[in-house]
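Q: What follows is a predicted protein model with its sequence.
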Amino acid sequence: MRRTSACSQSSFWQPRAFAQTTAGSSATIVVPVIAQTASFSSEVTVYNPNVSSITIDPVFYDAQNTASPGPKACTSLSVGANVSKAFTVAAQCALPSGSNFGLVVY
């Protein structure tokens, strides 16, 4: 948890979600290889070990050599306390038709 001061005379506790990989933990996670093609679909699983639910806001970045490079809008994903939730990039993000590959940041 992170302590945040509302003003100089009062303070409150604000829960903060941290992501964790085998390389450590952070407030941001990058999934470096994601593909959505006619023959392949990537699925990302998010686990929330916290005692309260969290909301993640993934962003998909199509690679530079695709038909439509750059960031793609994705919908937020709510993950309950002590729950794993999987999503596909195609279901969560607005992808153009054709092959898409790149990375996801959440």
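A: Here it is on my side, so go on. Since we're looking at a predicted model, the values are computed, not measured. Numbering: from 1, shown residues only.
Q: part of a helix, is residue 68?
A: No - residue state for residue 68 (DSSP: H, G, I helix; E, B strand; the rest coil) corresponds to coil; a helix is not indicated.
Q: any chance you could map the helices in the chain?
A: With DSSP state H as the criterion, the chain has helices at 89-92.
Q: pLDDT-wise, which helix or strand of it ranks last?
A: Of all regular secondary-structure elements in the chain, judged by mean pLDDT, DSSP states H and E, the least confident is strand 2-7 with a mean of 34.
Q: Give the buried residues for stretch 69-76.
A: Using 16 or more other Cβ atoms under 10 Å as the test for burial, stretch 69-76 gives 72, 74. C-beta coordinates here come from the backbone N, C-alpha and C atoms, glycine included.
Q: from the middle of its chain, how far away would it be?
A: 11 Å (Cα atoms, centre = their mean, to the nearest Å).
Q: I'd like the mean pLDDT over it, please.
A: Across stretch 69-76, the average pLDDT comes to 94.
Q: contact partners of it?
A: Counting by Cβ atoms under 8 Å, 6 or more residues apart in numbering, the neighbours of stretch 69-76 from elsewhere in the structure are 55-63, 89, 92-96, 100, 102, 104.
Q: and the closest residue to residue 47 other than its chain neighbours, how many neighbours?
A: Setting aside the residues directly before and after it, residue 47 is nearest to residue 84 in space (Cβ to Cβ, 6 or more residues apart in numbering), at 4.6 Å. Residues near residue 84, counting by other Cβ atoms under 10 Å, number 11.
Q: Equivalent analysis for residue 58, please.
A: The tally of other residues near residue 58 (other Cβ under 10 Å) stands at 22.
Q: what's the answer for the one 10 residues further on, then?
A: The burial metric for residue 68, expressed as a neighbour count using other Cβ under 10 Å, is 11.
Q: so what's it closest to, chain neighbours aside?
A: Spatial nearest neighbour of residue 68, chain neighbours left out: residue 96 (4.5 Å); criterion: Cβ to Cβ, 6+ apart.
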